[in-house]
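K.L.:
give me coordinates for this.
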Amino acid sequence: FMQEALAHRGVEDIELLADGIDGASWPDRNGILAALERKAQTAKAGDLVVIHFSGHGSRQRDLSGDETDGWDEVWRPSGALPALPGTGVFQNAITDDEIGQAVDAISATGANVWLIVDSCNAGTTLRSAANGVVARYVAPADAGLPDQAQVSLEVAPSSVDAGEGPVAVLVFYAAQASELA
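P.N.:
Below is the predicted model of the structure:
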């Protein structure tokens, strides 16, 4: 578990949203967005905020018109339902736009953010969240992983200066935007 790994490294401020784990909050749309909002309210300059999402991901029709490919990447947390016929939009999903806004709010405090997305169709979850995003792909063999593994990340330098230089958002993806994890 990510919680155990972080706790082992001395992290004390851990909020867990999970299904079937004692003491965890329910990982539905409202719970996830509320947890991200709480972190934006409590993070301070110089903090490292690690957000780990492991669950269902998908793509849906882009309603805002900001996606060059016409698709939003989405997280499908507990309680997310299939799209209503003819809409092309999942019910209770969290869009890449919403995730980007939440991460921007956290990094605006001066905190650095690591976002780890272990889901299908994750690969451009934050690509439009900030200017200056640099995408990198790591070949599985270069990371010592089997050929079928996928490792990609993005570094999004922020315009926020925490006194010791700009903060950054680092995103790790389990799959490209059009792939299954």
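
K.L.:
tell me which stretches of the chain form strands.
P.N.:
48-54, 56-61, 71-76, 94-95, 112-118, 134-138, 151-161, 166-173 (DSSP state E).

K.L.:
so what are the sheet partners of the fifth one and their directions?
P.N.:
This points to strand 112-118. Strand 112-118 has its sheet partners listed here by DSSP bridges as strand 48-54 (parallel), strand 166-173 (parallel).

K.L.:
list the buried residues of it.
P.N.:
Using 16 or more other C-beta atoms under 10 Å as the test for burial, strand 112-118 gives 112-113, 115-118. Every C-beta, even on glycine, is put in place using the N, C-alpha and C of the backbone.

K.L.:
which residues touch residue 43?
P.N.:
Residues in contact with residue 43 (C-beta atoms under 8 Å, 6 or more residues apart in numbering) are 49, 106, 109-111.

K.L.:
re the thing from before, now for the buried residues of strand 112-118: which two are most distant?
P.N.:
Farthest apart among these by C-beta to C-beta are 112 and 118. That separation is 20.0 Å.

K.L.:
that older thread, which of the strands of the chain comes out lowest on mean pLDDT?
P.N.:
Comparing mean pLDDT across the strands of the chain, the weakest is strand 151-161, with a mean of 45.

K.L.:
quick check: residue 29 vs residue 81, distance?
P.N.:
In this view, residue 29 and residue 81 are 10 Å apart by C-beta to C-beta, to the nearest Å.

K.L.:
more neighbours: the two, which one.
P.N.:
residue 29 (18 against 10; other C-beta atoms under 10 Å).

K.L.:
for residue 31, see how far away the residue nearest to the more buried one when sequence neighbours are not counted is.
P.N.:
Nearest residue to residue 29, sequence neighbours excluded (C-beta to C-beta, 6 or more residues apart in numbering): residue 92, at 4.6 Å. Counting by C-beta to C-beta, the gap from residue 92 to residue 31 is 11 Å.

K.L.:
any common contacting residues for the two?
P.N.:
Contact with both residue 92 and residue 31 is made by residues residue 77, according to C-beta under 8 Å, 6+ apart.

K.L.:
which one's more surrounded, these two?
P.N.:
residue 31 (17 against 14).
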